[in-house]
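Asks: Here is my input; please provide its structure:
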Amino acid sequence: MSAIGHALAVAGSMTWEILWALILGFLLSAVVQAAVRKATIVRLLGDDRPRTLAVASLLGAASSSCSYAAVALARSLFRKGAHFTAAMAFEIGSTNLVVELGVIMALLLGWQFTAAEFVGGPLMIVLVAVLFRVLVRKRLLAQAREQAERGLAGSMEGHAAMDMSVPGEGSFRRRLFSPAGFTSVAHVFTMEWAAILRDLVVGLLIAGAVAAWVPDSFWQAFFFTGHPLASALWGPLIGPVVAILSFVCSIGNVPLAAVLWNGGISFGGVVAFIFADLLILPILAIYRKYYGIRMTLALLGIFYAAMVGAGYLVELLFGTFGLIPRERSATVLSEGISWNYTTWLNIAFLLLAAVLLVRFFRTGGREMLRMMGGSPDAMAAHDSPGRDDRPAS
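Replies: Now for the predicted structure:
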């Protein structure tokens with residue numbers, strides 16, 4: 001019982017440390033998503049030219065941070081006419097280039113890891129695009145599209161089908177600060193929390209258990225910390241494997257990344273580990289349902305190679321410029337709750353979150369939560385409350 005209590009204490013301390021940053025990140029993401037319509041996204045992703053992939057990455061960064069929702073949305077874009085490579089670039093951007101991920105990484109790991117994430121993400125997308133052009137044939141793409149058109153539902157399919165952007169014309173500021181804009185931001189904010197909450201809780205619990213129960217000596221031996229070259233070569237190779245087996249995706253893998261960094265994994269290994277949220281076993285099962293077994297194997301191989309390659313490139317680049325932290329002091333366990341800036345920020349942002357939650361439930365939120373895991377057809381029949389310009393009563 002004492003061991004379980006210790007693990008829960010570690011998980012609780014980490015949760016308290018990152019709470020305000022999570023709320024801030026999701027709020028910024030909600031503001032951006034409220035201004036970007038999905039029809040616009042589909043129109044811009046019709047090929048795999050470099051400019052299109054850059055646009056796909058940026059649109060992904062402005063989209064959902066939930067890995068399951070990102071995978072479902074990428075399939076939806078593919079079915080509506082987006083190029084498969086562009087849809088995958090969007091998927092990578094929406095899980096690895098989002099604001100909330102960068103904020104949490106800076107808070108737990110340090111700004112260098114946030115910078116590495118936003119440098120490594122585009123590198124991974126470039127590698128994925130090159131590998132798709134070289135290895136994936138038109139016949140396989142045609143088979144994947146045929147499978148995608150069958151409309152088999154997966155996790156977060158209903159969430160991916162939702163368009164909660166602000167309706168109407170006018171300037172961005174005018175639409176955002178209108179009653180409909182307030183509603184749209186509240187809807188996106190709450191639905192994003194609902195989408196990632198499971199993975200976040202599981203990730204924190206796993207990170208707490210690993211930090212409390214696994215001795216540093218194990219990680220030091222496992223990551224070859226006494227051999228700098230071997231460690232740098234091994235980290236990006238093993239990082240994605242640890243992520244795949246941990247079943248943790250979205251933002252939930254950042255606390256575990258902090259534990260692994262303190263344990264001795266290389267800088268590039270942390271980056272590759274974070275990227276691998278798109279290859280965990282449940283998501284591989286969804287790929288098989290969406291695109292068939294052959295494309296799933298292609299995605300597994302190409303994504304893994306791109307993650308490893310991006311990890312090596314980031315390790316080399318940041319090492320050359322002396323940007324890799326020398327101290328392994330990621331935030332894993334604090335001394336508990338005290339009246340410091342973290343507590344005051346948590347209180348302020350919890351109040352803000354409460355305001356958004358009230359708006360969400362007063363404008364049809366319960367029905368949206370029920371439809372969240374349902375089919376796109378059910379969502380298409382739903383008239384989103386975010387499209388109602390009238391203020392809530």
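Asks: low-confidence ranges in this structure?
Replies: Along the chain, the model assigns pLDDT under 70 to residues 1, 36-39, 64-65, 151-165, 167-172, 331-338, 372-393.
Asks: dump the residue contacts of the spatially most central residue of it.
Replies: Relative to the mean C-alpha position of the chain, the nearest C-alpha, by C-alpha atoms, centre = their mean, is the one of residue 95, at 2.9 Å. Applying C-beta atoms under 8 Å, 6 or more residues apart in numbering, one finds that residue 95 lies in contact with 60, 65-67, 70, 101, 249-250, 277-278. All C-beta atoms are positioned from the backbone trio N, CA, C, and that covers glycine.
Asks: Report the two of those residues separated the most.
Replies: Distance extremes for the contacts of residue 95: the farthest pair is 60 and 249 at 15.1 Å, using C-beta to C-beta.
Asks: could I get whichever strand or helix holds residue 87 in CSV with only the CA atoms?
Replies: When elements are defined using DSSP states H and E, residue 87 is found to belong to helix 84-96. What follows is helix 84-96, C-alpha atoms only, in CSV (Å, rounded to 0.1, in the frame of the first residue of the first chain):
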residue,chain,number,x,y,z
PHE,A,84,-2.9,10.6,-48.3
THR,A,85,0.5,12.0,-47.6
ALA,A,86,-1.0,15.4,-46.8
ALA,A,87,-3.5,13.7,-44.5
MET,A,88,-0.6,12.0,-42.6
ALA,A,89,1.3,15.3,-42.4
PHE,A,90,-1.9,16.8,-40.9
GLU,A,91,-2.1,13.9,-38.4
ILE,A,92,1.5,14.3,-37.3
GLY,A,93,1.1,18.1,-36.9
SER,A,94,-2.1,17.7,-34.9
THR,A,95,-0.4,15.5,-32.3
ASN,A,96,3.2,16.7,-32.2
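Asks: Any idea how far it is from the middle of the chain?
Replies: Computed by C-alpha atoms, centre = their mean, to the nearest Å, the separation of helix 84-96 from the middle of its chain amounts to 11 Å.
Asks: Just the angle for the following helix or strand past that helix relative to helix 84-96, thanks.
Replies: Going down the chain from helix 84-96, the next helix or strand is helix 99-108, by DSSP H and E. With axes from the mean of the first three to the mean of the last three C-alpha atoms, to 10 degrees applied, the angle from helix 99-108 to helix 84-96 works out at 40 degrees.
Asks: by contact count, what packs against helix 99-108?
Replies: With contacts taken as 3 or more C-beta pairs under 8 Å, 6 or more residues apart in numbering; DSSP states H and E, helix 99-108 sits against helix 2-35, helix 111-135, helix 253-263.
Asks: now, of those, which is deepest in the fold?
Replies: helix 253-263 (a mean of 26; mean count of other C-beta atoms under 10 Å).
Asks: could you give the angle of that helix to helix 2-35?
Replies: With the same axes, to 10 degrees applied, the angle from helix 253-263 to helix 2-35 works out at 130 degrees.
Asks: neighbouring contacts of helix 253-263?
Replies: Among residues not part of helix 253-263, those counted as contacts by C-beta under 8 Å, 6+ apart are 11, 14, 18, 101, 104-105, 108-109, 113, 203-204, 206-208, 210-211, 214, 216, 218-220, 222-223, 239, 242-243, 246, 248, 269-270, 273-274, 276-277, 328-332.
Asks: how far does stretch 319-330 sit from the chain's center?
Replies: 24 Å.
Asks: Just the C-alpha atoms of it, please, in CSV.
Replies: Presented in CSV, the C-alpha positions along stretch 319-330 are these (Å, rounded to 0.1, in the frame of the first residue of the first chain):
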residue,chain,number,x,y,z
GLY,A,319,24.4,18.7,-29.8
THR,A,320,26.3,20.7,-32.4
PHE,A,321,25.0,24.0,-31.0
GLY,A,322,25.3,23.0,-27.4
LEU,A,323,21.6,23.0,-26.7
ILE,A,324,21.3,19.6,-25.1
PRO,A,325,20.8,20.1,-21.3
ARG,A,326,23.6,18.7,-19.2
GLU,A,327,21.5,18.2,-16.1
ARG,A,328,18.8,15.6,-16.0
SER,A,329,16.4,17.5,-13.8
ALA,A,330,13.0,17.1,-15.4
